[in-house]
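> model the following, please.
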Amino acid sequence: QVQLLESGGGSVQAGGSLRLSCAASRYTSGATIMGWFRQGLGMGRESLATIYTQSGDTMYAASVKGRFIISRDNTKKTVYLQMNNLRPEDTAMYYCAAWALGESDHKYWGQGTQVTVSS
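Residues are numbered from 1 along each chain as shown. A predicted model of the protein is given here:
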């Protein structure tokens, strides 16, 4: 079992920045991938950014590429999401997830942290 704890959400005005953190109790037995997702009110869950914890390789959704940066600190088993130039449409509950390479159907999820961007 992997437990994830997100922090760093809050309220910010459009154009502002926030940094989310996700601390994992441990990494998976296989190569661990971690990612950030969000779910707006009445909307489906959207994948935003993914990082391979071993290599540091990253992937981004088009909606956040160039504004959000995912990074990790393996010594702390923590993944970050730096969010810049925030927009009202970024308002959502943000979730961290972890899974082993090849096991994307079996993700561990955090409890979520709310981000609200006002215009």
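
> OK, contacts around Arg101?
Wrong residue type there; residue 101 is Leu, not Arg. Gly30, Ala31, Thr32, Ile33, Tyr52 (Cβ atoms under 8 Å, 6 or more residues apart in numbering). Yep, even glycine has a C-beta here, placed from its N, CA and C like the rest.

> any low-confidence regions in the chain?
The model of the chain has no residue with pLDDT under 70.

> host element of the spatially most central residue of the chain?
Central residue of the chain (Cα atoms, centre = their mean): Trp36, 2.2 Å from the mean position. Using DSSP states H and E, Trp36 maps to strand 32-39.

> restrict the contacts of Leu101 to the buried ones and give me that as a PyMOL selection.
The buried residues among those can be selected in PyMOL (16 or more other Cβ atoms under 10 Å) with this line:
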select buried, resi 32+33+52
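
> farthest-apart pair in the contacts of Leu101, please.
The distance between the two most remote of the contacts of Leu101 (Cβ to Cβ) is 11.4 Å, for Gly30 and Tyr52.
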